[in-house]
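K.L.:
Give me a 3D structure for the following:
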Amino acid sequence: MLFEDLSLSKSIQKAVFEEGYLNPTPIQEQSIPIVLAGRDLIGCAQTGTGKTAAFAIPIIHQLHRIVGSSKKAKVIRALIVTPTRELAVQIGQSFETYAKYTNLTQLTIFGGVSQNPQVDTLKQGIDILVATPGRLLDLQKQGFLDLDHLHTLVLDEADQMLDMGFINDVKKIVKLTPKNRQTLLFSATMPIAIRELAEMFLQDPAKVEVSPVSSTAENVEQRVYFVEKTEKRNLLYHLIKNEDLSNVLVFSRTKHGADNVVKALRKKEIPAEAIHGDKSQNARQRVLDAFKNKEVGVLVATDIAARGIDIDQLPFVINFDLPNIPETYVHRIGRTGRAGNGGIAISFCSKDEEPYWKDIQKLIKVDVKIITDHPYQWHSGAPDATEEKPKNSNRSGGAHKSRKSNASKQNKKRWY
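P.N.:
Residues are numbered from 1 along each chain as shown. Here you go, the predicted structure:
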């Protein structure tokens with residue numbers, strides 16, 4: 001199927017074509033006709049599969065027809081609620097790109113910055129609002145938001161909003177919207193709590209699931225290192241230095257831990273930066289831009305801050321700390337292997353994290369390659385581990401071809 005087969009307005013088709021979009025992704029192909037038909041929708045797809053365009057494009061098409069060239073005062077007709085500032089910015093940029101040949105206007109609001117510019121834009125009138133829950137409710141309480149004319153409500157990254165404790169805020173937001181609205185719920189995973197949320201807010205929703213729930217991308221190679229907890233920083237430096245890794249996204253469980261990893265790498269003269277909730281929005285954006293521009297080789301992030309990171313060609317993700325929620329692992333490694341590119345996901349597992357790793361394996365059902373040839377392993381980690389080929393022969397956990405085609409056997413052995 002081509003985008004031109006989706007009965008979209010010429011203005012949107014032109015914008016999409018200029019972005020290089022020819023064929024919609026599976027989530028887009030299935031979701032766009034449903035949204036255009038006005039139905040509520042539950043969309044479940046892995047990170048990096050094009051969920052934003054799956055709801056942004058049909059929303060723009062609908063509003064473009066409703067608003068047209070009207071000179072009337074603009075009112076908020078579409079609201080997209082998302083958990084993090086970075087993701088809100090990313091979604092706002094997507095709406096701006098897809099709607100550039102229409103007369104629709106959009107605004108992205110989030111906390112951590114002055115509300116004055118956001119309020120000024122709201123007073124002028126907008127068609128589309130992208131918001132984080134806290135700032136949205138704050139401005140509504142102050143009387144700067146009117147959602148009475150809302151046509152479509154999108155709850156994006158619903159599972160992450162649930163994990164971050166936004167469920168009560170989401171309920172408050174929904175109560176502020178008309179009952180006859182169209183509601184779209186998108187999530188990378190679909191635990192029971194999200195299904196219950198959908199039953200509360202959606203009416204007879206269509207369901208689109210383009211891949212097995214909580215599965216990992218086929219083009220992401222996964223590896224695990226059983227390592228002494230106190231040696232994780234040494235192992236990280238060992239891999240970055242000896243394997244000449246660059247453009248590496250490293251996940252830390254805590255903000256303090258992320259800062260400490262950055263300090264350790266900088267002492268070894270490895271350019272690294274941290275991104276987490278304690279940093280201002282401007283500081284986070286500067287760090288993210290530097291990483292995207294390859295001015296910084298290693299970005300250490302917490303899960304909340306990393307959800308909005310969207311880089312097509314990110315070759316390496318390293319789980320410095322394993323997540324205690326298995327689905328979070330899927331989110332993390334979904335940062336690589338995007339837009340059809342390959343990627344490598346490396347996990348460090350200390351003795352105390354072994355239960356987390358077992359839960360992750362139960363969820364993803366993939367035989368992940370165990371790397372034993374490194375100097376920092378904890379000896380009870382995998383006593384019988386060998387360099388055997390995993391039973392699952394797909395790229396997730398499958399045999400890896402060396403990044404350097406002329407690398408020696410010794411280097412290959414060291415990498416594995």
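K.L.:
Next, the contact list for residue 64, please.
P.N.:
Residue 64 is in contact with 9, 11-12, 99, 102-104, counting by CB atoms under 8 Å, 6 or more residues apart in numbering. (Each C-beta comes from the backbone N, C-alpha and C, glycine too.)
K.L.:
least confident pick among those?
P.N.:
pLDDT across the contacts of residue 64 is lowest for residue 9, at 88.
K.L.:
Surely it touches residue 65?
P.N.:
Yes. Assessed by CB atoms under 8 Å, residue 9 is found in contact with residue 65 at 7.4 Å.
K.L.:
So which of the two has more stuff around it?
P.N.:
Using other CB atoms under 10 Å, the more surrounded residue of residue 9 and residue 65 is residue 9, with 16 against 10.
K.L.:
Can you tell me the closest non-neighbouring residue to residue 24?
P.N.:
Among residues not flanking residue 24 along the chain, residue 3 sits closest, at 5.8 Å (CB to CB, 6 or more residues apart in numbering).
K.L.:
any idea how far that neighbour lies from residue 29?
P.N.:
Relative to residue 29, residue 3 is positioned 9 Å away (CB to CB, to the nearest Å).
K.L.:
Then residue 368?
P.N.:
Residue 368 sits 31 Å away from residue 29, going by CB to CB.
K.L.:
and what of residue 80?
P.N.:
Distance of residue 80 to residue 29, given as CB to CB: 21 Å.
K.L.:
So between the two, which is more surrounded?
P.N.:
For the pair residue 80 and residue 29, the greater number of neighbours falls to residue 80 (27 against 19), based on other CB under 10 Å.
K.L.:
From residue 360, how far off is the more buried one?
P.N.:
30 Å.
K.L.:
With residue 232 instead?
P.N.:
Relative to residue 360, residue 232 is positioned 17 Å away (CB to CB).
K.L.:
Assumed residue 153 was part of a strand.
P.N.:
Yes. Counting by DSSP: H, G, I helix; E, B strand; the rest coil, residue 153 is located in a strand.
K.L.:
Hmm, residue 177 and it touching each other?
P.N.:
Yes. Judged on CB under 8 Å, residue 153 makes contact with residue 177 at a distance of 5.5 Å.
K.L.:
Just give the closest residue to residue 74, not the sequence neighbours.
P.N.:
That would be residue 125: by CB to CB, 6+ apart, it lies 3.3 Å from residue 74.
K.L.:
What is the neighbour count of that neighbour?
P.N.:
13.
K.L.:
what's near enough to touch it?
P.N.:
Shown in contact with residue 125 (CB under 8 Å, 6+ apart): 73-75, 105.
K.L.:
what separates it from residue 141, distance-wise?
P.N.:
Counting by CB to CB, the gap from residue 125 to residue 141 is 20 Å.
K.L.:
same deal with residue 324?
P.N.:
Relative to residue 141, residue 324 is positioned 34 Å away (CB to CB).
K.L.:
neighbour count winner among these two?
P.N.:
Using other CB under 10 Å as the criterion, residue 324 and residue 141 rank with residue 324 on top: 13 against 10.
K.L.:
right, and the secondary structure at the closest residue to the more buried one other than its chain neighbours would be what?
P.N.:
Among residues not flanking residue 324 along the chain, residue 356 sits closest, at 5.5 Å (CB to CB, 6+ apart). Under three-state DSSP, the three-state class of residue 356 is helix.
K.L.:
Tell me how many other residues surround residue 356.
P.N.:
For residue 356, the count of nearby residues is 21 (other CB under 10 Å).
K.L.:
do residue 291 as well
P.N.:
Using other CB under 10 Å, residue 291 has 24 other residues around it.
K.L.:
A strand includes it, no?
P.N.:
No. Counting by three-state DSSP, residue 291 falls outside a strand, being helix.
K.L.:
quick one: it from residue 245, how far?
P.N.:
To residue 245, residue 291 is 14 Å away according to CB to CB.
K.L.:
How about residue 151?
P.N.:
Relative to residue 245, residue 151 is positioned 46 Å away (CB to CB).
K.L.:
And residue 343, by the same measure?
P.N.:
Using CB to CB, we find residue 343 at a distance of 12 Å from residue 245.
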